[in-house]
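Chemist: here's a sequence, model it:
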Amino acid sequence: MDYEKLCELAKKADSNVRFAGIINSRGRLIAGGMIPSKKRLGDRKRDEMLYMELALRVKMRSEFDDDLGKVKFAMSFREKLIVMSFPMKNNILMVSMERKTQFEKIAFGILKLIEKL
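Modeler: Numbering: from 1, shown residues only. This is a model prediction of the structure:
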């Protein structure tokens, strides 16, 4: 799977997307990243902590897959932005965007991108 291409397509899903990256199961960014024209909200060290926390959260959610079905995406609606995670086998596509956006349209559009790859 071409992760860089997927990240680029996710970034182009909407002008309010700020970040699209692939996080591995150990919480490391392995593809994609911030859109250069967007202002970073935290420092890189804090980003790494966020990636590790996300990987752990996705792993914990998978414990309920047999009962509830697999997670297609999860979303955090925060004061400053929206963060979505899309589990993909051993990795996670993480996408952040401005709060003032049609997040459901973006989420389902990204799911279609993932299904095509």
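Chemist: close enough to count as contact, Leu56 and Gly27?
Modeler: Yes. Counting by C-beta atoms under 8 Å, Leu56 touches Gly27, with 7.2 Å between them. Heads up, the C-betas are built off the backbone N, CA and C, glycines and all.
Chemist: contacts only, for the residue nearest the centre of the chain.
Modeler: Against the mean C-alpha coordinate of the chain, by C-alpha atoms, centre = their mean, the closest residue is Met94 at 1.3 Å. By C-beta atoms under 8 Å, 6 or more residues apart in numbering, the contact set of Met94 is 19-23, 51, 54, 83-86.
Chemist: who's in contact with Glu98?
Modeler: Glu98 neighbours (C-beta under 8 Å, 6+ apart): 16, 18, 81-82.
Chemist: make it 10 Å
Modeler: Going by C-beta atoms under 10 Å, 6 or more residues apart in numbering, Glu98 touches 14-18, 38, 80-82.
Chemist: equivalent analysis for Ile30, please.
Modeler: Here Ile30 is in contact with 3-4, 21-24, 51, 91 (C-beta under 10 Å, 6+ apart).
Chemist: please apply the same query to Cys7.
Modeler: 19-22, 31-33, 93-95.
Chemist: in what helix or strand does it lie?
Modeler: Assigned by DSSP states H and E, Cys7 falls within helix 3-11.
Chemist: direction included, what does the next helix-or-strand element following that helix pair up with?
Modeler: Using DSSP H and E, the helix or strand that follows helix 3-11 in sequence is strand 17-24. Strands that pair with strand 17-24, judged by DSSP bridges, come out as strand 29-34 (antiparallel), strand 91-97 (antiparallel).
Chemist: what angle do whichever helix or strand comes after the longest one and strand 17-24 make?
Modeler: For strand 91-97, the succeeding helix or strand toward the C-terminus, using DSSP H and E, is helix 103-116. On the basis of axes from the mean of the first three to the mean of the last three C-alpha atoms, to 10 degrees, helix 103-116 is oriented at 40 degrees to strand 17-24.
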